Every structure is written in structure tokens, then in C-alpha cells.
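Trainee: Dropping the sequence and predicted coords here.
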Amino acid sequence: MQLQIDKEKKELKSHGNYGFPVLVSYERLSYFETGSFLWHWHPEVELTLVMEGEIAYQVNDSVYLLKEGEGLFCNSNMLHTGRGDKARDCSYLSVTFHPRFLYGYSSSVIQEKYMNHILKNPALPSIHLKPEITWQKRILEGIEKIRLLDRDAPSSAELQIQIALLEIWKEIFEHVEVEEESGGEQARDMDRIRTIMEYIQKHYAEKITLEELAGQIHLCRSESCRMFKRYMNETMFEYLLNYRIERSLELLRRTQLDVTQIAGTVGFGNPGYYSRIFRRKMGCTPLEYRKGGKKAAAGS
């Protein structure tokens, strides 16, 4: 499994529906073929609760090691990804909801007074939720309450979930101070990074140079590389290689193309180089992955 995203890295998965824009999902990192989920974003707010294991969860340029019993608030439209320790799996609960589920209609008092300054402020991309902090513990308990409501499905489940989310938002509103003028530079840089990612997704099968990527955001190569590395915790070149490997997985699973053909299709001019990068990322060769050896490699 891997996330389905569009050309701008927006996740395509439905987070509930218009009438009830909430999704409660139970995830494991091992569900994802690479043991991690791709960089993506969505307009919904996401609440995460780690049930077992650990996950390195990154939102924009901030990396959090979330342990069992801890969680994360990921704000609307923020780029995020997650990865784990290959030797240990991680199971976690994800609750995503569209902000309008809480504020009702556009320009309502709830939206204008209690939500917009949080939702639209790039200075607050995320909050690491820890049970030893009293107000954050209440949020974690609220997420757990939503899990139980989703599991047990009482007749008033939707109403109780909305109440629980409002209680969670109340805790954030009362305890988080947001500087209205901060985060402008970061917001600009994140827009630049999204532009680079979009270009890579469109052209990954072609020869791409760092100069081309820098040109998309009108910066010099060195400054572009420094900015990307600073926020993404990997170089533009590493991101390109990883994305090409991700795109090759489905070809290995669903087609009869040989390794040389697949390497060329995803932008690797040298099949030997493709195989080396593949093994470094996946822990097995492309042919072993095709034969199901990836699972054995991941469990070793």
C-alpha cells in the first residue's frame, strides 16, 4: 500500500464525506511497502495517536519521534510524512476532519474567533502531544474517546465525535499562543518546496538536473539545495531517487517489464544503479521484491 496523491502532493483519499467530513483510520507502517508514507498534504486537520511502537513523524521541517501513548496535531494543508524503525513496526490511529465540521458555515463566529488564526497561521504547523502535559493529555484522551465511539458506533456517535473534536479544539485554542506575524518566510519556502515536488512528480521519468529544479523556484542551485535540505531533512537528489523507487514498485508488482525496462521507465539510465538504490531503500533486490522477498527482508 502507498498513499494516492495528485500532482501537487495533495492526498486523494476521501476523509469522510460532505455530510460527515471525518475519517477514523487504523494504520500500521508495515502496511506501506516502504515502511513509510509519502510526503503529502490535505485541507483536513489530522490527529494521530500512537497505539504501539514508534514513528518519526515530520511536518514541514519539524521531526517528532512519537512514542506509544503520544500523539500529534497536524494543521490543515501542512506537508507531512512518517517513517519508522525497520526492526519495529508502529500502529497508530489517525483522525482527520475538515475544519468546517466544527465551525459550520463560512464566516461564522466559531470560524472567525476560534479557528482561523490557528488554521491559517504557518507558525503553527503541528503540536507534539505528550501525556505528561495535562492539557495535551486531555487531547490524547479525546482522540481515544473518538476511537471508542468509532468502534462501538452508538446511535449518537456522530454527535459525540463532533463534541469530542470541539473539546480538543478548545484545548488548543486555550493553550497555544500564535504569533500573528511569524512564519511568513517558512510559508514561502514551503510553497517553493511544493513546486519542486510537483516538478519531480511530473518529470521523474526524464533526466532532471539540480539546476532545473532550482530554476522552478527562481533561486540558485546552492540556495535551493540548502533550503530543501533544511526543511525536508533530505537533499533534492535523495528525494528524486526515493520518488523514482516508489514509482517502480507498482511496475514490479503489476507488469511483466524486466528490471532494465523498469529502471528506464522511472528515470534511471543505469539498471545496475537502480538495483543498488532499490536494495538500499527496500532491503532487497527488485527481483526479490517482485517474488515477494521484500516481506522477508523487512522482517529479518
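Mentor: Thanks, I have the structure now.
Trainee: quick one, phi psi at T48?
Mentor: phi -120, psi 140 (degrees, to the nearest 10).
Trainee: Any stretches of the chain with poor pLDDT?
Mentor: Counting by pLDDT under 70, the ranges of the chain that qualify are 1-15, 86-87, 179-183, 293-300.
Trainee: For it, identify the residue most remote from the centre.
Mentor: Centroid-distance maximum for the chain: S155 at 32.3 Å, with CA atoms, centre = their mean.
Trainee: what's the helix or strand for that one?
Mentor: S155 belongs to no helix or strand when assigned by DSSP states H and E.
Trainee: likewise E167?
Mentor: E167 belongs to helix 157-175, assigned by DSSP H and E.
Trainee: next one: V63
Mentor: strand 62-67.
Trainee: Could you name the helices and strands sitting against that strand?
Mentor: strand 45-52, strand 54-59, strand 126-129 (3 or more CB pairs under 8 Å, 6 or more residues apart in numbering; DSSP states H and E). From N, CA and C alone the C-beta is placed, and that goes for glycine too.
Trainee: hmm, who's touching that strand?
Mentor: 48, 50, 54-58, 72, 92, 125-126, 128, 233 (CB atoms under 8 Å, 6 or more residues apart in numbering).
Trainee: Please check those and keep the buried ones.
Mentor: Buried members of the contacts of strand 62-67, scored by 16 or more other CB atoms under 10 Å, are T48, V50, E54, I55, A56, Y57, Q58, L72, Y92, P125, S126, H128.
Trainee: can you tell me which two in those residues are farthest apart?
Mentor: For the buried ones among the contacts of strand 62-67, the farthest-apart pair by CB to CB is E54 and P125; their separation is 20.6 Å.
Trainee: Would you mind writing the CA trace of stretch 123-135 as CSV?
Mentor: The C-alpha trace of stretch 123-135 is given here as CSV (Å, rounded to 0.1, in the frame of the first residue of the first chain):
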residue,chain,number,x,y,z
ALA,A,123,3.8,29.4,12.6
LEU,A,124,1.7,26.5,13.9
PRO,A,125,2.2,23.5,11.6
SER,A,126,2.0,20.9,14.3
ILE,A,127,2.0,20.1,18.1
HIS,A,128,3.7,17.1,19.7
LEU,A,129,1.1,15.8,22.2
LYS,A,130,2.5,14.3,25.3
PRO,A,131,0.6,12.6,28.2
GLU,A,132,2.7,14.2,30.9
ILE,A,133,1.4,17.7,29.9
THR,A,134,-2.0,18.0,31.4
TRP,A,135,-3.9,19.8,28.6
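Trainee: Just give me how far stretch 278-298 sits from the chain centre.
Mentor: 23 Å (CA atoms, centre = their mean, to the nearest Å).
Trainee: now stretch 232-243
Mentor: Worked out by CA atoms, centre = their mean, stretch 232-243 lies 15 Å from the chain centre.
Trainee: same thing with stretch 192-205?
Mentor: Relative to the mean C-alpha coordinate of its chain, stretch 192-205 is positioned 16 Å out (CA atoms, centre = their mean).
Trainee: what's the answer for stretch 175-195, then?
Mentor: 17 Å.
Trainee: From start to finish, how long is that stretch in a straight line?
Mentor: Length of stretch 175-195, first residue to last, CA to CA, to the nearest Å: 34 Å.
Trainee: Tell me which residues of it come out buried.
Mentor: Under 16+ other CB under 10 Å, the buried positions of stretch 175-195 are G183, A187, D189, M190, R192, I193, R194.
Trainee: before we move on, what SS does the fourth one have?
Mentor: Reducing the assignment to helix, strand or coil with DSSP: H, G, I helix; E, B strand; the rest coil, the entry for M190 is helix.
Trainee: got the contact list for it?
Mentor: Taking CB under 8 Å, 6+ apart, one finds N60, L79, P122, Y231 in contact with M190.
Trainee: cool, and L93?
Mentor: V24, S25, Y26, E27, T48, L49, M51, I143, R147.
Trainee: Would you agree it falls within a strand?
Mentor: Yes: under three-state DSSP, L93 sits within a strand.
Trainee: Would you tell me which one of the contacts of M190 comes nearest to S36?
Mentor: For the contacts of M190, the closest approach to S36 (CB to CB) belongs to L79, at 14.1 Å.
Trainee: I'd assumed D61 was in contact with that closest one.
Mentor: No: using CB atoms under 8 Å, L79 makes no contact with D61, being 9.4 Å away.
Trainee: and those two? which has more neighbours close in?
Mentor: L79 (20 against 17; other CB atoms under 10 Å).
Trainee: burial measure for the residue nearest to that one when sequence neighbours are not counted, as a count.
Mentor: Closest residue to L79 apart from its sequence neighbours, by CB to CB, 6 or more residues apart in numbering: W41 at 5.1 Å. Neighbours of W41 under the rule other CB under 10 Å: 22.
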